[in-house]
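S.K.: What would the 3D arrangement of this be:
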Amino acid sequence: MKKSFFILVAMLAVGATAWAEDYITDVMVIGGSQSVVNDLKDTYTRQGWTVIDQDLNKGCGSSSDYIYLLYKSASETDVEAGAFITDFAISTATGTIPDVFSNNTRTYHLVPFDGSDYFKNNKGDLNSHCGSSSATIHLYYTKEYSRAGTDYIAVKSIAFNDTQAGGVPVAGATTGYDLNTGAGGDYIYMHADKAQGWTITKNYAGNECYINGFDGPKTIYKYLIIPFTIDGATVIGITNTVFNGFTNLETMAFGQGTSITQMPSVQGCSKFKHVNIARAADELTDITPPSMTSIPGYAFAGTAIEEITFQSVTSVGTDVFSGCDSLSSVTFMKSPVLIEYDAFSNIKSRCSVSYPGSIEDWNPMMYMYSPMLVVNGPNNSWSCGWCGGDAVTSNNHLYWTMQNNHLKINCATDIWDICPEEQHIESLYWERDSVQTLTLEHVDNISICLFQWYPNLTVVDVKSGLRQILESAFTDCYKLEKVYLPSCLDSIKSLAFYNCKSLADIYFDGTGKQWNDSVAKGNNWNQGVASSFKVHWHCMVTFDRNGHGTAPDPVSILWSNEDKLDEPTAPTANGYEFTGWYTDAACTTPWNFNDAIPGDMTLYAGWRELKPGDANGDGAVDVNDVTTTINYILGKNPNPFSYANANVNGDDTVDVMDVTLIINLILGLG
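M.R.: Prediction:
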């Protein structure tokens, strides 16, 4: 009668494509006589292998080999992701035993066998010498993921007993296979205990499913791959509460071709950083899959996510990034996108958002809830990082926001009003004599006479969003010196800066062409300003090599009429001498690098063709060049017209030898 037995190797779970601290990385079978097997046990134990101390040929007869299974395990830090064993298979084939075979989308490898010498026979029969009626049994394993497969589950334990249920099947069988079949020995079944994983609900046809739970110890998982299918059903969605309690989860990847349209919520997973597609998991490319179009409310709230790209997302819910203190970059690849006004609320880091559509797609209340947000669109950039959530302070610095209008001044105040329908500041009430600096953000227009006669106002800094400065908006601000205007400005109406006697500089955050062609100016808009008044805009200086050498890279983001240009390294060209940079291609007007850049401009390289012996540069080689060179050698003429021409022999020194060579050139002997 066959005896029953049960041996379990306890391993930490490595499940649902999440790996824990330890997992099985290698397996091996040893076999032979009692003494041979004992020696092999000792040898492999010293090499770090663990022996499952159960003879798989037990009860098979005195002439049978002793057969044992060994395994190795490793921690996540020691083995690359994906290097652990995920599944086993048993083969009862006879004849030539393959080292590798494929089953569906997985590739299985034959478990190595050591009979007495190290891997002398890697095709050992688990029923070796068990009797003529016993089956030939070989064990295979796989470490490979199938990116479009039905699961990604790792083996967490191995057991042998006499119960068929749960045993490793053979060729699609539903029950395990007796490893001593037909031999008269004990019933022996191998059980591959896989890590606990998803709980699902299938639709009526059974071809689609919804992940509605996770059955396992959630705190150990750092990395998860959401499978494309489970039990043959396509995964189409995930309940938002599934990942509650995944306190160590850092990365979530989605299988290639996923059909999931809504991002599952990882709210409260404080260590969570990465979302990617399974094929890009190793590179940690933070991008949502193309099927995903919706990000539900609170999806990333309270996580450690730093950056993410929304590939196809068109809807972002409430408080999606609330409390994401590390968030620095969000990229949308499609537009328009419906974004709730508080999607970026309560973030503390300055976050840059790239958006391909119009800024007008965004709810105007968004900046009220997200003072650290910077939105970069195709035509302009709106930001609110300057306010940073300031409040009234002991220094009388004031911050206020309402209906997408921001105002910051450096004086005490009582009250001011806005017209939210037209989205502009309508009237302000405070002690105007105390106002020295004024900052406006996200204001569409500044009303007529709004800041007229502010006697101590010195600086006005208007951030992005402004379209119009209406009539007499700053008339009679006698001490106003500097004004900063955004590139989205459309017009400055009549008398806007009339009689601003100290106004010397306006800084326009755009190009000269925009200022001259796109900003309409009303009558006398700047009449009565300072005599030194200048408008500065961002300009670019390009360098033209003028036919020789290599030109330096262009220089941009300079303020016209103010910034000076650093002189670049002089270019070189064979057979030519560089003579400097000029404002015209004919090289008649040299550029003085001590002068301020007037605006966009091109500087042209000047060249003089080298003519050996022409030391004075008059185009001829004659006795005058001999005199010039001798005077240079004697120190009487320290700067010959062309040192390169005087150095005829090219040894970098002008000396008597060069004088001789010049004389030879004159005599026709050179």
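S.K.: can we go C-alpha only for contacts and neighbour counts from here?
M.R.: OK.
S.K.: what sits up against stretch 617-625?
M.R.: Stretch 617-625 has contacts (Cα atoms under 8 Å, 6 or more residues apart in numbering) with 611, 613-616, 641-642, 662-663, 665-666.
S.K.: How far away from the center of its chain is that stretch?
M.R.: Distance of stretch 617-625 from its chain centroid, counting by Cα atoms, centre = their mean, to the nearest Å, is 63 Å.
S.K.: How far does stretch 488-505 stretch from one end to the other?
M.R.: Using Cα to Cα, to the nearest Å, one end of stretch 488-505 lies 19 Å from the other.
S.K.: Pull out the buried positions in that stretch.
M.R.: Buried positions in stretch 488-505, judged by neighbour count with 16 or more other Cα atoms under 10 Å: 488-505.
S.K.: so residue 559 touches residue 538, yeah?
M.R.: Yes: the criterion here is Cα atoms under 8 Å, and residue 559 meets it with residue 538 at 5.0 Å.
S.K.: Overlap of the contact sets of those two?
M.R.: Common neighbours of residue 559 and residue 538, counting by Cα under 8 Å, 6+ apart, are residue 599.
S.K.: Pick out whichever of these two has more residues nearby.
M.R.: Each of residue 559 and residue 538 has its neighbours counted (other Cα atoms under 10 Å); residue 559 has more, 24 against 20.
S.K.: Tell me the confidence at that one?
M.R.: Here the pLDDT value assigned to residue 559 is 91.
S.K.: domain ranges for the chain?
M.R.: For the chain, automatic domain parsing gives the domain ranges 7-194, 198-383, 398-532, 537-609, 623-667.
S.K.: pLDDT averaged over the longest one, what's the number?
M.R.: When the per-residue pLDDT values of domain 7-194 are averaged, the result is 74.
S.K.: May I see the contacts of stretch 617-625 organised as a markdown table, with neighbour count added?
M.R.: What follows is these, written out as a markdown table (neighbours: other Cα atoms under 10 Å):
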| residue | neighbour count |
| --- | --- |
| 611 | 19 |
| 613 | 30 |
| 614 | 28 |
| 615 | 28 |
| 616 | 22 |
| 641 | 17 |
| 642 | 21 |
| 662 | 29 |
| 663 | 18 |
| 665 | 16 |
| 666 | 17 |
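S.K.: So among these, where is pLDDT lowest?
M.R.: Lowest pLDDT among the contacts of stretch 617-625: residue 641, with 62.
S.K.: can you map out the helices along this structure?
M.R.: Ranges of helices within the chain are 34-46, 366-369, 512-513, 623-633, 643-646, 656-667, based on DSSP state H.
S.K.: Among those helices, show me which one is buried the most.
M.R.: Compared across these, helix 643-646 shows the largest average neighbour count, a mean of 25 (mean count of other Cα atoms under 10 Å).
S.K.: Residues in contact with that helix: which ones?
M.R.: 577, 610-615, 629, 640, 650, 654, 658.
S.K.: got the CA positions of it in PDB?
M.R.: C-alpha atoms of helix 643-646 as PDB (Å, rounded to 0.1, in the frame of the first residue of the first chain):
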ATOM      1  CA  TYR A 643      51.600  88.200 -38.500                       C
ATOM      2  CA  ALA A 644      50.400  85.000 -40.300                       C
ATOM      3  CA  ASN A 645      51.800  86.300 -43.600                       C
ATOM      4  CA  ALA A 646      55.000  87.300 -42.000                       C
END
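S.K.: mind checking how far it is from the chain centre?
M.R.: Distance of helix 643-646 from its chain centroid, counting by Cα atoms, centre = their mean, is 54 Å.
S.K.: swap in stretch 538-545?
M.R.: 31 Å.
S.K.: quick one: average pLDDT of that stretch?
M.R.: 92.
S.K.: how many neighbours does the closest residue to residue 480 other than its chain neighbours have?
M.R.: Spatially, and ignoring its direct neighbours in sequence, residue 480 is nearest to residue 458 (4.0 Å; Cα to Cα, 6 or more residues apart in numbering). Per other Cα under 10 Å, the neighbour tally for residue 458 reads 19.
S.K.: from memory residue 458 sits against residue 476, does it?
M.R.: No: Residue 458 lies out of contact with residue 476 (Cα under 8 Å); the separation is 11.9 Å.
S.K.: Reformat the contacts of stretch 617-625 as CSV; add distance to residue 125.
M.R.: Shown next, in CSV, are the contacts of stretch 617-625 (distance: Cα to Cα, whole Å):
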residue, distance to residue 125
611, 89
613, 93
614, 94
615, 94
616, 97
641, 94
642, 91
662, 95
663, 98
665, 95
666, 99
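S.K.: Show me which of those residues is closest to residue 327.
M.R.: residue 642 (60.0 Å; Cα to Cα).
S.K.: Start and end of stretch 455-462, how far apart?
M.R.: Note: stretch 455-462 ends 19 Å apart using Cα to Cα.
S.K.: For residue 562, give me its contacts.
M.R.: Each residue near residue 562 by Cα under 8 Å, 6+ apart is listed here: 536, 596-598.
S.K.: Same question for residue 163.
M.R.: residue 189.
S.K.: Quick one: residues contacting residue 377.
M.R.: By Cα under 8 Å, 6+ apart, the contact set of residue 377 is 354-359.
S.K.: Pick the one among those residues closest to residue 180.
M.R.: Comparing these against residue 180 with Cα to Cα places residue 354 closest, at 64.6 Å.
S.K.: so how many other residues sit close to residue 445?
M.R.: Neighbour tally, residue 445, other Cα under 10 Å: 20.
S.K.: Grab the nearest non-local neighbour of it.
M.R.: Nearest non-adjacent residue to residue 445, counting by Cα to Cα, 6+ apart: residue 468, 4.7 Å away.
S.K.: and the one you found, bridged to which residues?
M.R.: Taking DSSP bridges as the rule, residue 468 bridges to residue 445, residue 491.
S.K.: circling back to that earlier point, nearest to residue 57 among the contacts of helix 643-646?
M.R.: residue 650 (90.3 Å).
S.K.: Starting from residue 343, give me the distance back to the nearest residue to that closest one once chain neighbours are set aside.
M.R.: When the adjacent residues along the chain are set aside, residue 650 lies closest to residue 644, with 8.0 Å between them (Cα to Cα, 6+ apart). Going from residue 644 to residue 343 by Cα to Cα gives 67 Å.
S.K.: for residue 669, same thing?
M.R.: Counting by Cα to Cα, the gap from residue 669 to residue 343 is 85 Å.
S.K.: out of the two, which sits in the busier spot?
M.R.: For residue 669 versus residue 343, the count of surrounding residues by other Cα under 10 Å is larger for residue 343: 23 against 9.
S.K.: Surely the more buried one and residue 320 touch.
M.R.: Yes: Residue 343 lies in contact with residue 320 (Cα under 8 Å); the separation is 4.9 Å.
S.K.: overlap in contacts of the two?
M.R.: With Cα under 8 Å, 6+ apart as the test, residue 343 and residue 320 both reach residue 297.
S.K.: does residue 306 really touch residue 331, like I thought?
M.R.: No: assessed by Cα under 8 Å, residue 306 is found out of contact with residue 331, at 11.7 Å.
S.K.: tell me, how many neighbours does residue 357 end up with?
M.R.: Neighbours of residue 357 using other Cα under 10 Å come to 18.
S.K.: just residue 362 next, same as before
M.R.: If you count neighbours by other Cα under 10 Å, residue 362 ends up with 17.
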